[in-house]
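1. Here is a sequence together with a model predicted from it:
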Amino acid sequence: MSIKKRLSPEESRAAAVEAARALLIETGPQSVTLKAVAARIGRTHANLLHHFGSAAGLQKALAAHLAQTVCDSIGEAVRATRAGIGSPREVVDLTFDAFGREGGGALASWMLASGNEDALNPIVETIHALVDDLNPDEVSHDNDLSMHETTFSLVLLALGDALMGEQLAESLAVERTTARDRAESMLIAAFKADGPVA
C-alpha cells in the first residue's frame with residue numbers, strides 16, 4: 001500500500017502549477033484541466049478545486065507563474081545587456097520562447113477564446129512591473145515612455161509569432177527568424193537611445 005506524501009498548501013499549489021506547465025508544453029492549453037493536473041500529481045480533483053476554485057483559477061495561477069518566471073529571466077538578460085555582458089538577441093529569444101515553445105501564446109489565446117480574459121492580468125501586470133523596475137525614470141516622466149513602447153512591440157511580435165509565425169513565414173516565403181531579427185534591431189536601437197547604465 002502506498003502512502004501519499006502530505007504536502008503543505010504552498011507545496012501542493014506549486015506542484016499543481018508545475019504539472020499544469022508541463023501539460024501546457026506537452027499537449028496544449030486545452031489539456032490544463034483540474035482532472036488532468038490532479039492525475040499528473042497523484043491528487044484528487046477536489047484537492048485542486050480547494051486550492052484553485054476552478055480550472056480558470058488554475059490557469060490564472062499558471063499564467064502568473066509563467067509571467068513571473070519569464071520576466072525574471074528577461075530582467076536578468078536586460079541587466080546583463082546593459083552591463084555589456086549580454087545581448088539584445090538574448091532578450092528577444094527569451095521573450096519569443098516564452099510565448100512560443102513555453103506555451104505562453106497558446107495559453108493566452110486559449111484563455112481569451114474561453115472567455116477567461118481575467119487570467120491574462122497576471123501576465124500584463126508582471127510585464128508592466130518589470131518595465132517599471134528596469135526603467136524607473138519612465139515611471140516618473142510620463143512624457144518619455146520609449147521602453148514601454150518597445151516592450152509593447154516586443155511582446156506583440158512574440159505573441160503573434162507564437163500564434164501564426166510559422167505558417168505566415170512559409171506563406172510569405174520569408175525567413176522564419178524575420179520577426180526575431182526585427183525585434184532584435186528594435187531593441188538594439190532602444191538600448192542605444194537608453195544610454196549607458198550606471
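-> It's in. Numbering: from 1, shown residues only.

2. after the lowest-mean-pLDDT helix or strand in the chain, next one along is what?
-> One helix or strand of the chain scores below all others by mean pLDDT, DSSP states H and E: helix 136-140, with a mean of 60. Of the helices and strands lying after helix 136-140 in sequence (DSSP states H and E), the nearest is helix 146-172.

3. What is the very next helix or strand once past that next one packed up against?
-> The helix or strand immediately downstream of helix 146-172 is helix 178-194, counting by DSSP H and E. For helix 178-194, the packing partners by 3 or more CB pairs under 8 Å, 6 or more residues apart in numbering; DSSP states H and E come out as helix 55-82, helix 88-99, helix 146-172. Any C-beta I mention is one placed from the backbone N, CA and C, and that applies to glycine too.

4. Wait, Ala22 touches Ala36, no?
-> No. Using CB atoms under 8 Å, Ala22 makes no contact with Ala36, being 10.3 Å away.

5. For this protein, give me the ranges with low pLDDT.
-> 1-5, 137-145, 194-198 (pLDDT under 70).

6. Spatially central residue for it, please.
-> Ala67 (4.1 Å; CA atoms, centre = their mean).

7. tell me the contacts of it?
-> 104, 122-123, 125-127 (CB atoms under 8 Å, 6 or more residues apart in numbering).

8. Could you pull up the contacting residues of Glu184?
-> Applying CB under 8 Å, 6+ apart to Glu184 gives the contacts 88-89, 92.

9. mind putting the helices and strands packed on helix 178-194 in TSV, distance to Ala190 included?
-> Putting the helices and strands packed on helix 178-194 into TSV (distance: least, CB to CB, whole Å) gives the following:
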stretch	distance to Ala190
helix 55-82	10
helix 88-99	8
helix 146-172	4
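
10. deepest of those helices, which one?
-> helix 88-99 (a mean of 22; mean count of other CB atoms under 10 Å).

11. and that helix, what does it pack onto?
-> Partner elements for helix 88-99 (3+ CB pairs under 8 Å, 6+ apart): helix 55-82, helix 104-113, helix 146-172, helix 178-194.

12. The second one packs against which elements?
-> For helix 104-113, the contact count by 3+ CB pairs under 8 Å, 6+ apart identifies helix 55-82, helix 88-99, helix 146-172 as packing neighbours.
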